[in-house]
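A.B. asks: Sharing a model that was predicted from the sequence below.
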Amino acid sequence: MSYSKKLSLFILLDLIIVWFSIYSSYYFRFDESIPSFYVHQCVTFCIVSTVVFTASMFYFKLYNRIWQYASVGEMISIAKAAAWSCVISYLLTCFLTYRVVPLHVFLRTFETTLLLLGGLRFGWRIYTDSYRKKIPTQSKALIIGAGGCGSSVAKRLKANKDSKVYPVAFIDDNTLKHRQEVCGLPVLGNRDSIVEIVEKQGIDEIIIAMPSASKREISKIIEICKTTSASLKIIPRIDDLLTGKLSYNEIRNVEVEDLLGRDPVNLDLGGIAGYVKNKTVLITGAGGSIGSELCRQIARFEPAVLLLLGHGENSIYSIEMELSRRFPTLRMESIIADVQDENRIDEVFGMYRPEVVFHAAAHKHVPLMERNPSEAIKNNVFGTKHVADSADKYGTERFVLISSDKAVNPTSVMGATKRIAEMYIQSLNNSSLTKFVAVRFGNVLGSRGSVIPRFKEQIAMGGPVTVTDPKMIRYFMTIPEASQLVIQAGMFAEGGEIFILDMGKPVNIVDLAKDLIRLSGFESNVDIDIVFTGIRPGEKLYEELLMDEEGLINTNHKRIFIGKPVNLSRASLELAIKQLEKLINEDQMVIRDSLKHLVPTFKNEYVS
């Protein structure tokens, strides 16, 4: 039916309601026998109300509402329209007939009009929206959180005939809601009742609808839900909703990030803006996982120019397009360059004169670098040296090196090269006006070298999931979390420090694999096997964040600490690096011995 036909039908039905209300009010007021004068007044009242009521309904836009989604707001609008039209019609009728309309008639007309108008519209909503009963093909869903978000999810699932799940109950920690109903669904208990309710009710899916809850709280609830057989879904967190990353109606799968329970990073926005805003900022490795996230975070602080430097044109183009879309006023330059090319790096610094540098370009994959040590040295040592030397030469204010926990007592070539990079910028800091610092942290969820994508691929292929050792433990943080803390640490830079990020509790890799299998809807060692393959060359069972000679110092941020600067001779270090450069094409054991000379804590245990 077209809009014009629907409008005409609604107007006709509404006028019939008004006429009926007026006539029935007179009819009952005069005990079924209306005096002749009041018959004339009744007709006048109907004619006046036809005009006034129609105008009032248009004024309150009641013919522009979709009544399938009607709520309290629509009921209030109906009440206002009925009240105004009855009052104005009453006064005009009194004026035109020179006699007061009986008050009983006025009140009954208003009551009947309001009741029938609301009944017609909400009856239509009940007919179209009707809280349908579960159909056999739908799975049972338990909603955790009986607040505004949870009730909204329940309404939409019940109204959507194409939904694969149907809500049957709520869980909420607020005891006042227990034994009550929300959207026709019972609130059966608190989080301690989840396991029992899932078993008794035959729940297939749990939906966590608590967007304003802290990550720590969400993590605790997920830990309980993991012990059930139900699949897990979650509504986006409130900060994701506010920043527009996700929509309120989007129900997503529970991810590993939700399990970590890490609270959001509190940033000193004013302090960061003080050293980034209106500055030329260079980010090397800008197309990588950490580098690209640094670009996103830095762009918020309105740098004068953001320089995106990377070796891979596709990744640089991708982050450039994303930033152009999200920050249309941001001035940026994309630079395709290899940090191993000393002349090209010098040219870039000479042209743009960056005031702040975040050096994220590096080779990070441990087993690959074990097999290709010369490439790790070229990129991580010489590449860092070229960028740092240019920063010193062209008067960069701050230089922040993105380092790794694998640089501490390294057992891998990658870790040793990152430690040399740390040592070099510390030695350079002693004679430079540039503030050189490093930021050291552990594994990052979702990065290209992370174990998570590999586990997900293996699960998608039906397994097995391969874990090197049952005792393997790692620290994890999310990419945005790591990037924000790196930027915050740059604000604390005095020169020569190695900042160490609080990585939270260590995670057992086997437990992580089991969680991923569980979150994917499978059971470990039943649907998907876990196979232990043995520790790979260069790997540790446990990672460390601090060397013995580095004492830990607190900063003004509870999740950032400082390892005390170590006195290093720039001249002797440069000489050792030059000797390393001469040996770059030698046998692997020769290269490793040279790394051992530079980094005495390097455990050279390579097996060919």
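C.D. replies: Here it is on my side, so go on. Everything numeric in this text was worked out from a predicted model, so none of it was measured.
A.B. asks: Please work out how many residues are found near E347.
C.D. replies: Counted with other Cβ atoms under 10 Å, the neighbours of E347 add up to 14. C-beta: built from backbone N, CA, C; applies to glycine.
A.B. asks: L15 and K5, how far apart?
C.D. replies: For L15, the distance to K5 equals 16 Å [Cβ to Cβ, to the nearest Å].
A.B. asks: of the two, who's got more company?
C.D. replies: L15 (16 against 9).
A.B. asks: wait, doesn't the more buried one sit right on F53?
C.D. replies: Yes: the criterion here is Cβ atoms under 8 Å, and L15 meets it with F53 at 7.2 Å.
A.B. asks: Now for L598: which residues touch it?
C.D. replies: Residues in contact with L598 (Cβ atoms under 8 Å, 6 or more residues apart in numbering) are 416, 420, 423, 573, 576-577, 580.
A.B. asks: Going by neighbour count, which of those residues comes out on top?
C.D. replies: When neighbours are taken as other Cβ under 10 Å, the top entry among the contacts of L598 is A416 (30 neighbours).
A.B. asks: need the strands for the stretch 501-608 of the chain, in chain order.
C.D. replies: Counting by DSSP state E, counting those that start in this stretch, the stretch 501-608 of the chain has strands at residues 507-508, 530-532, 552-554, 560-563.
A.B. asks: hey, least reliable of these by pLDDT?
C.D. replies: Among the strands of the stretch 501-608 of the chain, strand 552-554 carries the lowest mean pLDDT, at a mean of 59.
A.B. asks: residues in contact with the closest residue to P480 other than its chain neighbours?
C.D. replies: Leaving aside its chain neighbours, P480 sits nearest to E293 (5.9 Å; criterion: Cβ to Cβ, 6 or more residues apart in numbering). Residues in contact with E293 (Cβ under 8 Å, 6+ apart) are 479-480, 482-483.
A.B. asks: rerun at 6 Å
C.D. replies: The neighbourhood of E293, defined by Cβ atoms under 6 Å, 6 or more residues apart in numbering, consists of 479-480, 483.
A.B. asks: try K226
C.D. replies: Taking Cβ under 6 Å, 6+ apart, we find K226 in contact with R518.
A.B. asks: now the stretch 151-300 of the chain, which segments are flagged as low pLDDT?
C.D. replies: Residues of the stretch 151-300 of the chain meeting the criterion pLDDT under 70: 237-253, 255-271.
A.B. asks: what do you get if the cut-off is 90, keeping everything else the same?
C.D. replies: For the stretch 151-300 of the chain, residues meeting the criterion pLDDT under 90 lie at 151-166, 174-177, 179-185, 204-205, 209-220, 222-223, 225-276, 289, 300.
A.B. asks: the helices in it, which residues?
C.D. replies: Assigned by DSSP state H, counting those that start in this stretch, the helices in the stretch 151-300 of the chain fall at 194-201, 215-225, 238-242, 256-260, 269-276, 289-299.
A.B. asks: Only the buried residues of the first one, if you could.
C.D. replies: Applying a neighbour-count criterion of 16 or more other Cβ atoms under 10 Å, one finds 194, 197-198 buried in helix 194-201.
A.B. asks: sorry, back to before: could you identify the most distant pair in the contacts of L598?
C.D. replies: Taking Cβ to Cβ as the measure, the contacts of L598 span a maximum distance of 14.0 Å, between A416 and L573.
A.B. asks: what are the ranges of the helices in the stretch 351-500 of the chain?
C.D. replies: Under DSSP H, counting those that start in this stretch, the stretch 351-500 of the chain gives helices at 366-371, 373-376, 383-393, 413-429, 451-460, 479-491.
A.B. asks: for the stretch 501-608 of the chain, same thing?
C.D. replies: Applying DSSP H, counting those that start in this stretch to the stretch 501-608 of the chain gives helices spanning 509-519, 570-582, 588-598.
A.B. asks: For I218, find the nearest of these.
C.D. replies: Nearest to I218 among the helices of the stretch 501-608 of the chain is helix 509-519; the distance by Cβ to Cβ comes to 13.4 Å.
A.B. asks: and that closest one, what other elements does it pack with?
C.D. replies: Packing contacts for helix 509-519, counted by 3 or more Cβ pairs under 6 Å, 6 or more residues apart in numbering; DSSP states H and E, involve helix 451-460, strand 465-467.
A.B. asks: The same query, at a cut-off of 8 Å, please.
C.D. replies: Applying 3 or more Cβ pairs under 8 Å, 6 or more residues apart in numbering; DSSP states H and E, one finds that helix 509-519 makes contact with helix 256-260, helix 451-460, strand 465-467, strand 530-532.
A.B. asks: what's the average pLDDT for stretch 573-589?
C.D. replies: 83.
A.B. asks: Distance from the chain centre to that stretch, please.
C.D. replies: Centroid separation for stretch 573-589 versus its chain: 45 Å, with Cα atoms, centre = their mean, to the nearest Å.
A.B. asks: Buried ones in that stretch, by neighbour count?
C.D. replies: Here stretch 573-589 shows 573, 576-577, 580, 584 as buried, counting by 16+ other Cβ under 10 Å.
A.B. asks: again with stretch 424-440
C.D. replies: In stretch 424-440, counting by 16+ other Cβ under 10 Å, buried: 424-429, 432, 434-440.
A.B. asks: Stretch 465-481 too?
C.D. replies: For stretch 465-481, the neighbour count (16+ other Cβ under 10 Å) marks 465-468, 472-481 as buried.
A.B. asks: Ends of it, what's the gap?
C.D. replies: Using Cα to Cα, to the nearest Å, the end-to-end distance of stretch 465-481 comes out at 27 Å.
A.B. asks: Please state the mean pLDDT value computed over that stretch.
C.D. replies: Mean pLDDT, stretch 465-481: 81.
A.B. asks: How far off centre is it?
C.D. replies: Taking Cα atoms, centre = their mean, one finds stretch 465-481 lying 21 Å from the centre of the chain it belongs to.
A.B. asks: Any idea what the nearest residue to I208 once chain neighbours are set aside is bridged to?
C.D. replies: If the residues on either side of it in the chain are set aside, I208 comes closest to I234, at 4.4 Å by Cβ to Cβ, 6+ apart. Per DSSP bridges, the residues bridged to I234 are I208, R252.
A.B. asks: Isn't I234 up against V254?
C.D. replies: Yes: using Cβ under 8 Å, I234 is in contact with V254, at 5.1 Å.
A.B. asks: what touches both of the two?
C.D. replies: Common neighbours of I234 and V254 (Cβ under 8 Å, 6+ apart) are I208.
A.B. asks: do you know which of the helices of the stretch 351-500 of the chain lies nearest Y26?
C.D. replies: Closest among the helices of the stretch 351-500 of the chain, using Cβ to Cβ: helix 479-491, at 69.6 Å.
A.B. asks: That closest one packs against which elements?
C.D. replies: Counting contacts by 3+ Cβ pairs under 8 Å, 6+ apart, helix 479-491 is packed against helix 269-276, helix 289-299, strand 356-359, strand 398-402, strand 435-440, strand 443-445, strand 498-501, strand 560-563.
A.B. asks: which parts of it are buried?
C.D. replies: Buried residues in helix 479-491, defined by neighbour count with 16+ other Cβ under 10 Å: 479-491.
A.B. asks: Nearest to V348 among those?
C.D. replies: The closest of the buried residues of helix 479-491 to V348 turns out to be G490 (Cβ to Cβ; 20.0 Å).
A.B. asks: what's near enough to touch the nearest residue to that closest one once chain neighbours are set aside?
C.D. replies: For G490, ignoring the flanking residues on the chain, the nearest one in space by Cβ to Cβ, 6+ apart is V400 at 4.7 Å. By Cβ under 8 Å, 6+ apart, V400 lies in contact with 356-359, 437-439, 486, 489-490, 493.
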